[in-house]
Every structure is written in C-alpha cells, then in structure tokens.
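Asker: got a predicted structure plus its sequence, pasted below:
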Amino acid sequence: MSAEADGVAGTYGDLSPAARRLYAYAVERHAFHTAEATSALGARAGAAITELAAAHLLQRAPGGGADRWSPVAPRAAAARALAPLALLVRETHDEMDRLRGRLEALVPAYEAGAALRELNGSGHLELMTDLGAVRGLIAELSAGCERELLTSQPGGGRPLESLEEAIGRDESLLTRGVRMRTIYQHTARYSRPTAAYVERVTALGAQVRTLGDGLMRMLIFDEHTGLMAVPERSGAALVVREPNVVHFMTAAFERSWVGAEPFPATVSPEAARSISDELRQTIVRLLSEGLEDKVIARRLGMSERTCQRHIAEIMRAIGAKSRFQAGYLLSPSPNDPKETP
C-alpha cells in the first residue's frame, strides 16, 4: 500500500472515546468554539478536535474564525477521506490494463512460435533451470490437467514448504475429478508432514504408494507432458512433450507402481520391521555394487547418518571389518546359480 493510502487508513482507525464524545457534542450544537468544548469535556477537547479534523469529521465553521468548528456528516467525511484511495485504485487499474495490453500483444508471436516448434519438434524437450519458472509451469500444467497426474517423488519425506505449496494445488485437482497417483520411497512413511499430506489427499481419492529404490523424480500430466529432474542441478527440470518419451516415462511409472506398496495411515510394528528388512536388503545390494554411503543414502531417501548406522549393523552381522571386506562378502559368487544365464 502507498504512503498516501497508509495515511488514510491510519486516519480512519477507531476514534478515541474523547473524540466520540466531542463529535456528539458538536452535532448537538451545529457549531462551537474550542473554549466551549474544553469547558464541557475537559482538557482532552483540544486533542479530540485535532483527531476529528484529521478524520474530516470537523471543519472550520464558515465565518466563525479559526477557533470555531462545525461537524461534518459521516458520509461526507468518508467521501473526502476515500478520494485519495479511489484515485489510487483508478491509477492502479489503469496501470494493470496497460501492462496486460503490452503482454497480450505478444500472444500472437508466442502462439506462432509454439506452433512452429510443434511442427519441427524443437519444442519437445526444454531444459528449465530457474526454480521459479519450474514451479510456475507445474502450476500451469496442474490447472490444465484433465484426466490424471502421475508423480514419482524419491528422497524420503518431502520438505514442509513443498507440501504446503502442493496441497492446495492437489486438492483442486482432485475436487475437479482428476485422478492422482503418487509414489514415494518407504522412508517417507516416517515423515509426519508427508503422512499428514497423504492423509488429506487420499481422503479426496488420491492413491499413494511407496517403493524402496529405483525411483526417478518426475511428473506426468495427462500422458501428454512430463517433467524430469536434472541430475546434479537442483531446481532444474527437463520438460518433455515428445510423445514417445512421455510414453516411456509413463511405462516406467507403471512398472514402479505395480511393485510399490500402499502408503498406510499408520505404520504398524510389523510393517516397520518389514520395511526395515527390505531397506537392509537394498543396502546390501548397493554395498555389493561398491556405492558410497552418501550415494546409498540419497538413493534410499534417508540421512547419511541413518544409512551408516544400517551399514554398521550389516557389517557386524556378516563379520566384516571394513567396507571393502563387506563388499567382497556381499558380492554374488561367480558360481551362484542365480547368476547363470
């Protein structure tokens, strides 16, 4: 709000009791001198006169000198006080119309360029590196989504800020009848904000499942447009509109969906043990592949410290004294019948 508007708002705050008494006094007499008000209401009359004059509720009485006042009707006072705000609103609307006109003048050029990209295929893949632009595109695609949104979110529990941004958008989708399926990693089950979010969207018909490993961060809108995370570039996204690539992304999601487990409202001790066992098995596999702790932790959506604790337990269980020995002991034997073609 401008300084001018702030001034008007401050003027029209609640009147003090003294100002209210003085206004009633003034209305009864039509006009009065400051000395008369002071005699009737006491020492606060001077401050009350200043307050009422600032609120346009008192004016100098015509022909009565600088010390004679008369009341102003509240509606007339409001008209005077709101005049600066009304002017500000008109100027703001005019500026909005000018800005809208300047931007909408570019619509034909944008549509022509988009049509050309569609013809030559250059618009089928687009790298976006600005996080704000990525969020804006997600909001735009969500608003236009008509049938189904598929989401794959690796990395464990989602940040509270991301969930707060997503909940309104996703609830709007679901209330429009758009189908929504989401896959998290198992570790997301232990995130209270994520569990609360899941509870809200599933109540509206969303389906949410979890998987241990192998997720790719992506969103797919109506099997028409996909967004994929860009490795080692936080906040960047690859926008995919090429039909064959979007079909591949959808097929990858469906394979993960079949192997995933429903996200429960609560995690029972039995389910927690089952998930922990599956996580340890996955850690064993990744250890045998020679991956570092931080890489395994990122793959499984857990902190590096938690991952190291699991690795230490596994090493104790197999009697390994080093990661190298653990990797050797956990590697499949060349004579393992499971490795025989």
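Answerer: Good, I have the coordinates. Residues are numbered from 1 along each chain as shown.

Asker: what is the end-to-end distance of stretch 294-306?
Answerer: Terminal residues of stretch 294-306 are spaced 10 Å apart (C-alpha to C-alpha, to the nearest Å).

Asker: so Glu242 touches His124, yeah?
Answerer: Yes - contact criterion C-beta atoms under 8 Å: Glu242 and His124 qualify, at 3.6 Å. In short, each C-beta sits where N, CA and C put it, glycine included.

Asker: work out for me the element Tyr110 sits within.
Answerer: Using DSSP states H and E, Tyr110 sits within helix 107-120.

Asker: what about the helices in the stretch 201-341 of the chain?
Answerer: 243-259, 269-288, 293-300, 304-318, 323-330 (DSSP state H, counting those that start in this stretch).

Asker: so which of these comes closest to His224?
Answerer: The stretch from the helices of the stretch 201-341 of the chain with the least distance to His224 (C-beta to C-beta) is helix 243-259; that distance is 6.6 Å.

Asker: and the closest one, what does it pack against?
Answerer: strand 148-153, strand 179-185, strand 207-211, strand 218-221, strand 225-229 (3 or more C-beta pairs under 8 Å, 6 or more residues apart in numbering; DSSP states H and E).

Asker: got any ranges where the stretch 51-200 of the chain has weak pLDDT?
Answerer: For the stretch 51-200 of the chain, applying pLDDT under 70 flags the ranges 64, 117-123.

Asker: could you pull out the strands for it?
Answerer: 58-60, 68-71, 125-128, 148-153, 179-185 (DSSP state E, counting those that start in this stretch).

Asker: out of the ones you listed, flag the one nearest Ala79.
Answerer: It's strand 58-60; of the strands of the stretch 51-200 of the chain, that one is closest to Ala79 (C-beta to C-beta) at 13.2 Å.

Asker: what lies in contact with that closest one?
Answerer: With contacts defined as C-beta atoms under 8 Å, 6 or more residues apart in numbering, strand 58-60 is touched by Tyr23, Ala26, Ile49, Leu52, Ala53, Ala66, Arg68, Trp69, Ser70, Pro71, Val72.

Asker: if we use 6 Å, what do you get?
Answerer: Contact with strand 58-60 is made by Leu52, Trp69, Val72, as judged by C-beta atoms under 6 Å, 6 or more residues apart in numbering.
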